[in-house]
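Trainee: Sequence first, predicted model second:
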Protein chains: 4
Amino acid sequence: MISFINDYCEGAAPEILKRLEETNYVKTVGYGLDEFCKSAEDKIRKACACPEAEVYFLTGGTQTNMVTIDALTKPYEGVVATVEGHVNTHEAGAIEYSGHKVLTLPSHDGKMHATDLKDLLVTYYGDANYEHMVAPGIVYISHPTELGTIYTKAELTALHEVCAEYKIPLFLDGARLGYGLMAEGTDVTLPDIAELTDVFYIGGTKVGALFGEALVFTKHNMPYRFNTMVKQHGAMVAKGRLLGLQFDTLFTDDLYFRISRNAIETAARLKKGLKEKGYTFFLDSPTNQIFVTVTNEKMKELEEKVIFSFWGAIDADHTVIRFVTSWATRMEDVEELITIL
Amino acid sequence: MISFINDYCEGAAPEILKRLEETNYVKTVGYGLDEFCKSAEDKIRKACACPEAEVYFLTGGTQTNMVTIDALTKPYEGVVATVEGHVNTHEAGAIEYSGHKVLTLPSHDGKMHATDLKDLLVTYYGDANYEHMVAPGIVYISHPTELGTIYTKAELTALHEVCAEYKIPLFLDGARLGYGLMAEGTDVTLPDIAELTDVFYIGGTKVGALFGEALVFTKHNMPYRFNTMVKQHGAMVAKGRLLGLQFDTLFTDDLYFRISRNAIETAARLKKGLKEKGYTFFLDSPTNQIFVTVTNEKMKELEEKVIFSFWGAIDADHTVIRFVTSWATRMEDVEELITIL
Amino acid sequence: MISFINDYCEGAAPEILKRLEETNYVKTVGYGLDEFCKSAEDKIRKACACPEAEVYFLTGGTQTNMVTIDALTKPYEGVVATVEGHVNTHEAGAIEYSGHKVLTLPSHDGKMHATDLKDLLVTYYGDANYEHMVAPGIVYISHPTELGTIYTKAELTALHEVCAEYKIPLFLDGARLGYGLMAEGTDVTLPDIAELTDVFYIGGTKVGALFGEALVFTKHNMPYRFNTMVKQHGAMVAKGRLLGLQFDTLFTDDLYFRISRNAIETAARLKKGLKEKGYTFFLDSPTNQIFVTVTNEKMKELEEKVIFSFWGAIDADHTVIRFVTSWATRMEDVEELITIL
Amino acid sequence: MISFINDYCEGAAPEILKRLEETNYVKTVGYGLDEFCKSAEDKIRKACACPEAEVYFLTGGTQTNMVTIDALTKPYEGVVATVEGHVNTHEAGAIEYSGHKVLTLPSHDGKMHATDLKDLLVTYYGDANYEHMVAPGIVYISHPTELGTIYTKAELTALHEVCAEYKIPLFLDGARLGYGLMAEGTDVTLPDIAELTDVFYIGGTKVGALFGEALVFTKHNMPYRFNTMVKQHGAMVAKGRLLGLQFDTLFTDDLYFRISRNAIETAARLKKGLKEKGYTFFLDSPTNQIFVTVTNEKMKELEEKVIFSFWGAIDADHTVIRFVTSWATRMEDVEELITIL
């Protein structure tokens, strides 16, 4: 049965497996101090056009969010996110486990509006009881968002300006960053993200790596003893080389961007097919997640032939379902899916 | 330059890389619910002769220790370990970060004595102020220990009996378990460990895997909602298949044991060579870590030709250094080292 | 200048000071094991008509909320509260500091609706991703609420039933409980609260004590080693006698209820006066907090003659201000305030 | 039966009760911003000869230790204390609950030696693995210690110098500070303590107050947003006036010192009596705790006539018992005790 269930149901870009094999008997030091990591860091700095960036490799998204937010905030500070932000919904309370409150703002198709953020800050600092309240200490957004939408450069700039005014770091979760950067019509580049955020990560797990996320501090702001804090969260990888090698490969000859484009192209073909067949989109997503509203009957019919995710009930008779493409999706599977639809 | 610095400076058993390649385009569900994980769990249960064992895959040692101890203890309980225990020394305070105190006992060449443990428990429960004190909630030992030593079956049984009497789980850190099980003269088998402990882990990172540890709950005692707690610690791996595949491979045709034996054999050859050349052992370790006391002059001389670790100063003129072999150590490198020595 | 700023700006009921003096040279054991505490516990059990209740004395509201929620939940569970709940707004993140998320529901004039609670639980348990989400582990309400409103017996019963169905404890914050129980028109008694909640506290700090809250576990559900967890939060009082003596006095001859009634009577007089003078109430509160919408001009004028709190801006020209009466408010001060108004 | 069990089994200095009564109907603002607190802070600054000191009132010892250590350390730092330090033994893991490890040093009759501290710091910073270890972030000592002993000025100065060299704050727990300052033969004054430590507290609970500890930051080093962190730990007192009033009274006309002296004088009389009767001291304590080694027979005999504490078994036949005097101990009770002995 063909599957469009998620972008982490795949293996890895074959270039990565090849290099793992080639380097298998090289002995390196541990904890990310090896040559593979150094080379990957250099390439990422170049790709970001940010020579002063500090790069740190971690293994997964929730872990990266938790460690970064905890390390960049004071104990009495919380993280501002939309109600749909991953940190507020699907991280099992990892942020609160590390002692911080998630201060929520409305979600606009997954995105945070700079005006909402500004309002929250004005209200907080204007409240006579602010000392009894959690201070907004960092702002969390995702790009693409949990709903596959993306920020425009103007929107990111507006958020950046509010953060800069209040001296609060802007943190961008890029678990699917490649798909955002390759999205049709986007005006946001990797150097833009490096410039407009204080810290962000380049997702590997969902974009061609076996696993791994490259966290990038863009403003000389990696916290002092970050390494120790990573270890304290149980997040340090002994064989850091594995992460370095993967990102080094992904950032060689634009591999990361090239494979990301495949997810966009296959998603575009699928969207075209859906439109032609008269399907209704729940949301207009320009990336690799496609949300469609179908009747429950239709949903059951499809379930026999294709694997997808159930997103949420709309009413008694209609449901939103999600198809996800990835760096590895084959165009022939998309054609087959369109035929089935 | 030949290196004997650590057992995590290597890649992975080639059988693992081969299977990664073969299965790269298989699509699986995430979070360890896939077929690779199920197969690996079955094989581990068989190897442990413990059909009711519950197996959970995690990525690293400190993470496994932290999550396990936190999940198995009440908030007011601490973990009992020797002063040299990894949880007490080299985990950057991960145990305390998760809210628990490490209650320390003396280290006897890295090992905990059952009589010391019993004394601690008798003293605690006999103290009129016990309600104002941290309760001993779990016992942590490592096998092999941080010093390469191993428990005898009698020693493990004695610890098991004290724990059973006080209804405290016994947790065994097996980051280097393969090397312990293959050590010359050991009378401890994997089924013994499954029987005598309540939870333990089979180390992969240092024993032939790219990364990964297989945590085994042996007494129907995996905590309720363990999965959620793992996620909450940022320790859940989206592509759980990677861990399943590696342990499935390691537990096929005894690969884990076969490659572990190589570390023991190369270490044995090295020890023989050292003895013949008149070197003094700091400690008699039957596994893959060899501790030798050398003059500082000798140490400097060696540093030019071989990579090893500095363990600690003995006096102004003498230092303990450590050589580590692994599943990947080549006998010819050992011979070269002996020649150099 | 007369003050209506808060109910914790007062000293204590004179009966308490008198008994402190009488018993000053009595020597007692510490930590709440003394005779004063035992006597107070007995009287509270009687007043609650709940002979099996377990009573524990703590010093303040935020502390009591934090310790109770932390002790009654598993690490992966959160507390359900309204967005206006004290635990969600004015506790500086104490709940998150102890590792738990506040899962929010809409506030209906400060109150939680049982239907909202039911919806949240149905949604949570119906979500395929529930293992990646914070589990609802306890329900927090306040009575009176932060806005001075109170639950009816039917509303409390409805909440109780949802909690019972899902086996989640219902926790009632009674920082101002006396004022709720003495509110005009209430059909809720102290025995009702003991029956319909699993744990609640009787506020002393705001109701006649120097300080102190009496936490009541009503269903044989005081957590094992609660004492140790209290100590671990830095919340244990060495001279527990001080708390016992105060509650023993407050629950002798209905003192707690008699002094609470004064707050209600003076508030009623003030409301009548405000109504006659044509003031607009922001909210209809039957207890000791009165919220009035005034023009900003009027507010400034009043500020010169009386101390009250600023609650929030309505629009550019109007503000909500709050007057609070207490057990100690003198009727002549109310009359003076009415004259000023 | 006469009691020498502890110094927190008493009420409060009558001067305090008197002022509570006199000021009972004064209305003040909350949270320590009132006039009583301000006056008390001024008096403490004067008594410390430290005009720039910042004073903050908290309710109990464990709470003060926990909040202070947590607020002054980074997440990856621990607190250095002796193995007998209160933070390491009788705080139910409050320090670890707040995420920090207690790094232990030997206890020399309860005291920490500057040389031991220096060794620990040299070792830590010289360890190649220091990034994987908990950093020493604050030093905790108590004066008097848990064993009633006191530091000399030279000893405090030596600790101060090591701390200054390593830029680590020195924190002195003064739960029984009055008794230390009034001890016979001491050369340490309150201004000395203010000069030689970075933060310390003046104990009220055990020295004449109903409850309360005055925390003093001596080097302009009260952490930013300390107030919010106190609230977050559930440690903020709404009616801060109660703490202010008590310390204002204790620091009026040297009351704190005068009542402390009573404990020393009664202890001195008791020690003389014990010596004359041939009792063996377990430890030479110059303050209000007296440790005596007795036969178990003798202990049982005494238990029928006087209340004291059991400290620990020496061997099968001998036990160390403890007598404690306080600000409230009457000389006639001491004489009666001596007669009994």
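Mentor: That came through fine. Residues are numbered from 1 along each chain as shown, chains lettered A, B, ... in the order given.
Trainee: okay, now residue A:125: neighbour count?
Mentor: Residues near residue A:125, counting by other CB atoms under 10 Å in any protein chain shown, number 11. Any C-beta I mention is one placed from the backbone N, CA and C, and that applies to glycine too.
Trainee: Any part of the helix or strand harbouring it near chain C?
Mentor: If you go by DSSP states H and E, residue A:125 is part of helix A:114-126. No - Helix A:114-126 lies apart from chain C when judged by CB under 8 Å from any CB of the partner chain; the minimum separation is 9.1 Å.
Trainee: secondary structure element for the residue in the stretch 201-341 of chain A that chain C sits nearest to?
Mentor: With CB to the nearest CB as the measure, residue A:310 is the residue of the stretch 201-341 of chain A nearest to chain C, at 6.7 Å. Using DSSP H and E, residue A:310 maps to strand A:309-313.
Trainee: for the helix or strand just after that strand, packing partners?
Mentor: Per DSSP H and E, the first helix or strand lying C-terminal to strand A:309-313 is strand A:318-324. Packing contacts for strand A:318-324, counted by 3 or more CB pairs under 8 Å, 6 or more residues apart in numbering or on different chains; DSSP states H and E, involve strand A:289-295, helix A:296-303, strand A:309-313.
Trainee: how about 10 Å then?
Mentor: helix A:255-276, strand A:280-281, strand A:289-295, helix A:296-303, strand A:306-307, strand A:309-313 (3 or more CB pairs under 10 Å, 6 or more residues apart in numbering or on different chains; DSSP states H and E).
Trainee: Using PDB, write down the CA coordinates of the longest one.
Mentor: To tie it back to what came earlier, the one meant is helix A:255-276. Only the C-alpha atoms of helix A:255-276 are listed here, as PDB (Å, rounded to 0.1, in the frame of the first residue of the first chain):
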ATOM      1  CA  LEU A 255      22.000  18.200  -1.300                       C
ATOM      2  CA  TYR A 256      19.700  19.400   1.400                       C
ATOM      3  CA  PHE A 257      18.000  21.800  -0.900                       C
ATOM      4  CA  ARG A 258      17.900  19.400  -3.900                       C
ATOM      5  CA  ILE A 259      16.100  16.700  -1.900                       C
ATOM      6  CA  SER A 260      13.800  19.100  -0.300                       C
ATOM      7  CA  ARG A 261      12.700  20.300  -3.700                       C
ATOM      8  CA  ASN A 262      11.500  16.800  -4.400                       C
ATOM      9  CA  ALA A 263       8.900  17.000  -1.600                       C
ATOM     10  CA  ILE A 264       7.600  20.300  -3.000                       C
ATOM     11  CA  GLU A 265       7.400  19.000  -6.500                       C
ATOM     12  CA  THR A 266       5.600  15.900  -5.600                       C
ATOM     13  CA  ALA A 267       3.300  17.800  -3.300                       C
ATOM     14  CA  ALA A 268       2.600  20.300  -6.200                       C
ATOM     15  CA  ARG A 269       1.700  17.400  -8.500                       C
ATOM     16  CA  LEU A 270      -0.600  16.000  -5.800                       C
ATOM     17  CA  LYS A 271      -2.300  19.300  -5.200                       C
ATOM     18  CA  LYS A 272      -2.900  19.800  -8.900                       C
ATOM     19  CA  GLY A 273      -4.400  16.300  -9.100                       C
ATOM     20  CA  LEU A 274      -6.600  16.900  -6.100                       C
ATOM     21  CA  LYS A 275      -7.900  20.200  -7.500                       C
ATOM     22  CA  GLU A 276      -8.700  18.600 -10.800                       C
END
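Trainee: quick check: angle from that helix to strand A:289-295?
Mentor: 20 degrees (axes from the mean of the first three to the mean of the last three CA atoms, to 10 degrees).
Trainee: for helix A:255-276, what is the average pLDDT?
Mentor: For helix A:255-276, mean pLDDT is 97.
Trainee: For it, buried residues please.
Mentor: Of all the residues in helix A:255-276, those buried under the rule 16 or more other CB atoms under 10 Å in any protein chain shown are A:255-257, A:259-271, A:273-274.
Trainee: hmm, that helix in reach of chain B?
Mentor: No - between helix A:255-276 and chain B, judged by CB under 10 Å from any CB of the partner chain, nothing touches; the nearest distance is 13.2 Å.
Trainee: how far away is whichever residue of the stretch 1-150 of chain A sits closest to chain D from residue D:136?
Mentor: Nearest residue of the stretch 1-150 of chain A to chain D, counting by CB to the nearest CB: residue A:76, 4.3 Å away. Distance, residue A:76 to residue D:136, by CB to CB, to the nearest Å: 24 Å.
Trainee: Kind regards, and thank you for your time.
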